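Colleague: build me a model from this:
(one chain, ligands or ions: 1)
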Amino acid sequence: MASRVGVIGCGNISPIYLKNLGAFAGTEVWALADQDRTRAESRASEFNVPHVLEVDQLLAAPEVDIVLNLTIPNAHYEIAKRALEAGKHVYNEKPLAIAWDEGQELVRLATKKGLRIGCAPDTVLGAGIQTCRELIDDGVIGDPVAVQAFMMCRGHESWHPDPAFYYQKGGGPMFDMGPYYLTALINLLGPVRRVTGSARATFPRRLITSQPKHGQEIEVEVPTHLSTVLDFANGAIGQITTSFDVVAHSMSHIEVYGSEGSLRVPDPNGFGGPVFVRRMSGQDWEEVAVVRPYAENSRGLGVLDMALSAEALHNHRANGDVALHVLEIMHAAHWASEQGRHIELTTSPARPSPMPNHEL
Ligand SMILES: NC(=O)c1ccc[n+]([C@@H]2O[C@H](COP(=O)([O-])OP(=O)(O)OC[C@H]3O[C@@H](n4cnc5c(N)ncnc54)[C@H](O)[C@@H]3O)[C@@H](O)[C@H]2O)c1
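Modeller: Have a look, this model is predicted:
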């Protein structure tokens, strides 16, 4: 029987989840809730969801197996905690939580209750990153030596209608986009052992040039350019730059360098390719066909995987241990710069298993 999902938070990202979870055979969206009830009602009519409830009612409904938490990052901890306390499996949008101790508490609580906790991103389960993983696991580039990752832009105040949160506690480029890159790296190379790096806030104020807040200024509370070094448990050395301070660049999203070749990994904020490999024996980069399932926008795939694993009792891939590790790395990137040292990590999740080469 399909797992019944109750969704809390019916904003911008919700339509793609509602579309996909309604279409997968293993999931069905049973109810929606939002603190703004009109949003839940309009999404329910758009996607034929049978029930619109208050948050408390949804958490108490015995019909709901999984709570999908699509609220804003500030509310992730509270909603997830209440869902677990109500005996529901829970899947959060990223990040798992903002505060490090709150993330730890959620994973502990899920374990104590024997419930599943999952977290976005699930883009890493898509065809692009899974193709890269297969190439690494098959030894096509030899032993991984190093990885470089870049997420750099000039911030979101030129297009986002309400961009202040990007520059407040819990914001910044690492917390905003780090989860996509770090989760991809963990799936490709396994866990990180220690972190160091430097961070700065280049502009103390940001001028909003989008509507409707055009002309207003934002006080910047967090670093907006971080250059972070990651020592992986397998010995590979990584470097990731996350920035809201860069006008333009010509770097790849992610490149993995191995003893026998190099791999150019697609945008981890998407599900598809392109994937390129440069073999030591080759003359140039070769494009590798991305022929695995889930190359299109499959947000919700991590929820499906969790629903199926809750039945079969194998560990789901977009799981709380990985999300907690990502949260620790993101904090460590800031702590390392503040304290001028390497931060040894306390979490070390198992590398998630590869996706099968067929639909779940
Ligand atoms: N928008 C995107 O493109 C995008 C992409 C990837 C991930 N995300 C992530 O998805 C999450 C949601 O982003 P969004 O863009 O949909 O935000 P949004 O502001 O458009 O929607 C969030 C919704 O949650 C509701 N909400 C907030 N707190 C609540 C609470 N305590 N109880 C009940 N409802 C509450 C709000 O009323 C709103 O409708 C964030 O974690 C974000 O990082 C967004």
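Colleague: which regions of the stretch 251-360 of the chain sit below the pLDDT cut-off?
Modeller: The stretch 251-360 of the chain contains residues with pLDDT under 70 at 313.
Colleague: hmm, try it at 90
Modeller: Counting by pLDDT under 90, the stretch 251-360 of the chain contains low-confidence ranges at 310-315.
Colleague: so which residue of the chain comes closest to the ligand?
Modeller: The minimum distance from the chain to the ligand, using C-beta to the nearest ligand atom, falls at G11 (1.8 Å). Every residue, glycine included, has its C-beta placed from N, CA and C.
Colleague: residues contacting that residue?
Modeller: D34, R39, L70, I72 (C-beta atoms under 8 Å, 6 or more residues apart in numbering).
Colleague: let me see the contact set for the first one.
Modeller: When contacts are counted by C-beta under 8 Å, 6+ apart, D34 touches I8, G9, C10, G11, A40.
Colleague: for the first one, phi and psi?
Modeller: Yep, that's I8 we're talking about. With angles defined as degrees, to the nearest 10, I8 sits at phi -110, psi 120.
Colleague: just checking, it touches T71?
Modeller: Yes: contact criterion C-beta atoms under 8 Å: I8 and T71 qualify, at 6.0 Å.
Colleague: what residues are shared contacts of those two?
Modeller: Joint contacts of I8 and T71 (C-beta under 8 Å, 6+ apart) are I79.
Colleague: out of the contacts of G11, which touch the ligand?
Modeller: D34, R39, L70, I72 (C-beta under 6 Å from any ligand atom).
Colleague: between those, which sits nearest V246?
Modeller: Nearest to V246 among the ones next to the ligand among the contacts of G11: I72, at 25.5 Å, using C-beta to C-beta.
Colleague: what sits against that closest one?
Modeller: Contacts of I72 by C-beta under 8 Å, 6+ apart are G9, G11, F165.
Colleague: interface residues of this protein facing the ligand?
Modeller: Counting by C-beta under 6 Å from any ligand atom, the residues of the chain near the ligand are 8-14, 34-36, 39, 55, 70-73, 75, 79, 93-94.
Colleague: of those, buried ones?
Modeller: For those, a burial check counting by 16 or more other C-beta atoms under 10 Å picks out 8-10, 14, 34, 39, 55, 70-71, 73, 75, 79, 93-94.
Colleague: tell me the least confident of those?
Modeller: Of all those, P73 carries the smallest pLDDT score, 91.
Colleague: please report phi then psi for K88.
Modeller: Dihedral angles for K88 - degrees, to the nearest 10 - are phi -100, psi 150.
Colleague: actually F232, not the one I typed
Modeller: phi -80, psi 150.
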